[in-house]
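In: pasting the structure only:
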């Protein structure tokens, strides 16, 4: 934090203690501490250079098929104008994969989406729709809370207001049905009243009316499609100015599905070879990530009858098998043609390594994520290169080795919302309440240093990095009061007053 970022009369105190604890838990946060004087503008330019470097390499496959699959999904949901924007944006060669599909009120991911939009501008994109390829394999009740709306303004911690009922808590977004008018009505009558600030209650009521209770949202066939509609309507009304982003949330599993099925069925494809040749598959199954898990286990997943995620691993009988939350057993044939059929039938779905393999390793698309992905993605990169070298695929290994897989966007934040004598991360609900315009967000990005941006996001980082049993008592209020004293210049103006 620079001297100009804080009130010099106030000590940094507890804020730095929490920050240093987070840095000790995560190497990415720690690295940002070492480069803290860098501005967010310079940080974004460094991310842009990684993208340009990867674009200059010769990919194993042309990314056009992935781009057109994403364009087709967008056109089906939003129309031709949005689809044309998405095509132009994806041609920039970088995607953001930090979001959990449906968790659009998480302040950390939403401000990461804003940084991604600014990164695309630096790469020459001039359209409005910003494609966000989120993971829909995450439970609705996850910390980003695709199940409803997160609100940060309460003094004791962010609160989670559910739209979906409790039986959907462990269902993944990919399997969730559409939200209904009855569920929105219940949210209005039972959940909004749990918020103490009258202005936030008014904001949530407006979001229900102006974003959720529209024909386009209520007529969508499933929750994933609804999220695409909700995200665009929410961001267009938050940021109506010319040149501001309209976030277009697309589930990455659906975007890569046609190319994954195609490569599994294509004789001579790298993925088919790795899964069909007995020696190659045995070697693939033996590769362990830095966390000790088999790399091959991050390829495919399934769900039980309640839509709850089941992790699958190859067993000694040649099947993909896993255990459900109820202790049941799922088992599927593990050979390329059978897997491609199961994917086509939506029995299986691709996990993130499948997306990394297809999009980054084969097509040279840069993936930017958060503080966890920025650690495991380079690890998967190292494992994949080593696997290909062991299989004597040295030319392929060398082309993949030259890719930069260290992209990072989700974590640094620039916007806070003041609530009396404390300040909290600003997500969409807080920005709606304040009437925040996008020019104000841009101003904060330009005025914020990298380490200060991690301090602004400290409440989210600490929540992510420390289990609830490890967290200090009253930590949320302590961090909020410290942010209010030390990061006053990152507090959004109240444009609605």
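Out: Arrived safely, thanks for sending. In this text, all values refer to a predicted model and were calculated from it rather than measured experimentally.

In: The spatially closest residue to residue 138 that is not a sequence neighbour: neighbouring residues, count only.
Out: Leaving aside its sequence neighbours, residue 138 sits nearest to residue 100 (CB to CB, 6 or more residues apart in numbering; 4.0 Å). C-beta here means a position set from N, CA and C on the backbone, and glycine is covered the same way. Residues contacting residue 100 under the criterion other CB atoms under 10 Å number 22.

In: do residue 263 as well
Out: So residue 263, with other CB under 10 Å, has 23 neighbours.

In: Buried residues, the helix or strand where it lies. List them.
Out: Using DSSP states H and E, residue 263 sits in helix 252-265. Within helix 252-265, the residues that qualify as buried by neighbour count (16 or more other CB atoms under 10 Å) are 252-261, 263-264.

In: Of these, just say which sits nearest to residue 167.
Out: Ranked by distance to residue 167 (CB to CB), those are led by residue 253 at 22.6 Å.

In: Point out where the chain drops to low pLDDT.
Out: 1-12, 36, 497 (pLDDT under 70).

In: can you do 50?
Out: 1-11 (pLDDT under 50).

In: Can you pull up the most central residue in it?
Out: residue 99 (1.4 Å; CA atoms, centre = their mean).

In: residues contacting that one?
Out: Applying CB atoms under 8 Å, 6 or more residues apart in numbering, we find residue 99 in contact with 109, 112-113, 132-135, 144, 249, 410.

In: Likewise for residue 301?
Out: Counting by CB under 8 Å, 6+ apart, residue 301 has contacts 137, 309-312, 348-351.

In: Identify, from those, the entry nearest to residue 117.
Out: residue 137 (24.2 Å).

In: returning to what we had before: secondary structure element for the closest residue to the residue nearest to the centre of the chain other than its chain neighbours?
Out: In this structure, residue 99 finds its nearest non-sequential neighbour in residue 134, 3.7 Å apart by CB to CB, 6+ apart. Here residue 134, judged by DSSP H and E, is contained in strand 129-134.

In: shouldn't residue 249 be in contact with residue 134?
Out: Yes - applying CB atoms under 8 Å as the test, residue 249 and residue 134 come out as touching, 5.6 Å apart.

In: what do the two both touch?
Out: Common neighbours of residue 249 and residue 134 (CB under 8 Å, 6+ apart) are 99, 101-102.

In: Give me the neighbour count for residue 58.
Out: 7.

In: I'd like the secondary structure assignment at the closest residue to it other than its chain neighbours, please.
Out: Excluding its sequence neighbours, the residue lying closest to residue 58 (CB to CB, 6+ apart) is residue 399, at 6.8 Å. Recorded secondary structure, residue 399: helix (DSSP: H, G, I helix; E, B strand; the rest coil).

In: what sits against residue 399?
Out: Contacts of residue 399 (CB under 8 Å, 6+ apart): 57-60.

In: Let's have the contacts of residue 99 in TSV, adding distance to residue 27.
Out: Listed next are the contacts of residue 99 as TSV, based on distance: CB to CB, whole Å:
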residue	distance to residue 27
109	20
112	18
113	24
132	25
133	25
134	24
135	22
144	22
249	29
410	16
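
In: and the two most separated of those?
Out: 133 and 144 (14.9 Å).

In: Just give me the neighbour total for residue 90.
Out: 25.

In: what's around the closest residue to it other than its chain neighbours, how many residues?
Out: Residue nearest to residue 90 in three dimensions, not counting chain neighbours: residue 67, with 4.5 Å by CB to CB, 6+ apart. Residues lying near residue 67 (other CB under 10 Å) number 21.

In: which SSE is residue 67 in?
Out: Counting by DSSP H and E, residue 67 is part of helix 64-78.

In: what's in contact with that helix?
Out: 82-84, 86-87, 90-91, 129, 131, 133, 220, 225, 228-229, 232, 248, 250, 254-259, 262, 358-359, 363, 365.
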